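K.L.:
I'll drop the sequence and a predicted model, then ask my questions.
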Amino acid sequence: MTDPLDDLRALLGAAHVLTGTDVARFARDWTGKWRAAPLAVVRPASTAEVADCVRLAARHGLAVVPVGGNTGLVGGTANEGALMVSLERMNRVREIRADSRVAVVEAGVVLSDLHDAAEAERLIFPLTFGARGSARVGGFLATNAGGSNVVRYGSTRGLCLGLEVVMADGRVLDLMSELHKDNSGLDLRDLFIGAEGTLGLITAAVLKLAPLPRHRATALANVSGLDAALGLLHRLQAASDGAVEAFEYMPRSYRRALAAHRPDLEPPLEAADHAVMIELGGLSRPLGDALEAALGEALEAGEVLDAVVAQSEAQRRRIWEMREAAAEITFTRLPIVDSDVALPLDRVGAFLGEMRARLDQMDPGAEDLVVAHLGDGNVHLTLYPTRDDEAHLDGLREMVEDEVVRLGGSISAEHGVGLAKLSTMRRRKDPVALDVMRAVKRALDPEGRMNPGKVIPEE
């Protein structure tokens, strides 16, 4: 059999088959925890070239691992000896169809570039998070990313109308529908969103756009507790006719870490035990009055202790930067137990209270860091244990899992599963659901070559 690297170079050209030191930027993910030692990284420029690479990998028995901006947090691109497929050259926004409010894009488009293309047409693609300057379409689809605007617009799955996917055998599955309703059989699109490349490789998508808000109102508010924060959210939704776009929780533990690691981000408000960042967005009327009225009512009710409303775009961006610094702050220390969980909104307070109490019992010197998309119940709880043995770390993971499951939550909200949460999936996911996932994997990838070892724990 011929050398696969020679075949790949003949297919794509030597410049687009990276080996040796040229793969350094793909050899670790953003966290630095998960490493990759691929056979090569290929950079196809079209769906046809992706399909050719996947067929070639099949002939040579190579695993295929897709990579976008490599901003994942759960080891989704870690591999040994695989063929990594980078979609960075497939970076065209093919079309913005303003009348239909859709964007047709390739999987290598950077999220911030999609934002810019939509805004040029007075539209928005509402998915946003801190890594928007490097995360790519294929990656946020593969992980069903969430971000800060889920409370109004939903997560990635709800923002996608159609997909193009290269299957494990190199066939191209064309699901590039622009329809909002299509009841013609199984909804195959949703199989691939959130599958982290384990069923096929996403090469293009049709994404929903929304009108660009003409008015925004942004604030930072100290609140008396999580119940008060939830009450404030309901006040704001009622006062603004449902215009809350972001409602982010930044308690004292987070503000303390922010002050230590980003002293340049001087906050406009004294730190308190509980704080929320709020943003409203609307088309027809200014929302500052509605925001200030709701804050005033909450202040009188004792729910809000203090608040500041952004008076300029610069102040608004500074408040957002405080929240979006979370990822860079979280991974500044080791050892770490990083949790990304979803809970019913009215149970977030109970979850965090129980976590602090149980952490004090299991590891009295451990610290925690909390930040949350409180509007949709997504909590990022990071634990910094006092010792680094795997049994202790796994015990802390189980502690978190116990409370999440007891309160009716999910052990993974928006970061994906990758390698990091395989043991959690094995312990906590319904066994029948795991059997169905394995059956789907075997049907679509019978040789198990598409991003192997991720998402679905082995039997």
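P.N.:
Cool, got the structure. Quick caveat: nothing in here was measured; it's all calculated off a predicted structure. Residues are numbered from 1 along each chain as shown.

K.L.:
And the helices in the stretch 201-350 of the chain, which stretches?
P.N.:
226-239, 252-261, 288-300, 313-324, 326-330, 348-362 (DSSP state H, counting those that start in this stretch).

K.L.:
So for the last one, what gets flagged as buried?
P.N.:
Translated: helix 348-362. Buried residues in helix 348-362, counted by 16 or more other C-beta atoms under 10 Å: Val348, Gly349, Phe351, Leu352, Glu354, Met355, Leu359. From N, CA and C alone the C-beta is placed, and that goes for glycine too.

K.L.:
wait, what's in contact with the closest residue to the second one other than its chain neighbours?
P.N.:
Distances taken as C-beta to C-beta, 6 or more residues apart in numbering place Leu226 nearest to Gly349, at 3.5 Å, with adjacent residues excluded. Listed by C-beta atoms under 8 Å, 6 or more residues apart in numbering, the contact set of Leu226 reads Tyr249, His274, Val348, Gly349, Leu352, Leu374.

K.L.:
How many residues are close by Glu106?
P.N.:
23 (other C-beta atoms under 10 Å).

K.L.:
which residues does it bridge with?
P.N.:
In this entry, Glu106 is beta-bridged to Ala204, by DSSP bridges.

K.L.:
So it versus Ala63, what's the distance?
P.N.:
Separation of Glu106 from Ala63 (C-beta to C-beta, to the nearest Å): 23 Å.

K.L.:
Distance check, Phe26 against Arg35.
P.N.:
10 Å.

K.L.:
For Glu266, report the pLDDT, please.
P.N.:
Looking at Glu266, its pLDDT stands at 80.

K.L.:
For it, give me phi and psi.
P.N.:
Main-chain dihedrals, Glu266, degrees, to the nearest 10: phi -60, psi 120.

K.L.:
can you list the domain ranges for this structure.
P.N.:
Domain ranges of the chain: 4-86, 93-211, 215-327, 333-415, per automatic domain parsing.

K.L.:
of all those domains, which lies closest to Val436?
P.N.:
domain 93-211 (11.2 Å; C-beta to C-beta).

K.L.:
Need the distance between the two termini of that closest one.
P.N.:
18 Å (C-alpha to C-alpha, to the nearest Å).

K.L.:
in the longest helix seen in the chain, what counts as buried?
P.N.:
Taking DSSP state H as the criterion, the chain has its longest helix at helix 390-406. Buried residues in helix 390-406, counted by 16+ other C-beta under 10 Å: His392, Leu393, Leu396, Arg397, Met399, Val400, Glu401, Glu403, Val404.

K.L.:
farthest-separated two in the residues you listed?
P.N.:
Among the buried residues of helix 390-406, His392 and Val404 lie farthest apart (C-beta to C-beta), at 19.1 Å.

K.L.:
Could I get the pLDDT score of Met35?
P.N.:
Small correction: residue 35 is Arg, not Met. On the pLDDT scale, Arg35 gets 88.

K.L.:
burial measure for the closest residue to it other than its chain neighbours, as a count.
P.N.:
Leaving aside its sequence neighbours, Arg35 sits nearest to Arg28 (C-beta to C-beta, 6+ apart; 5.3 Å). Arg28 has 15 neighbours, counted by other C-beta under 10 Å.

K.L.:
Show me the shaky parts of the stretch 201-350 of the chain.
P.N.:
For the stretch 201-350 of the chain, not a single residue meets the criterion pLDDT under 70.
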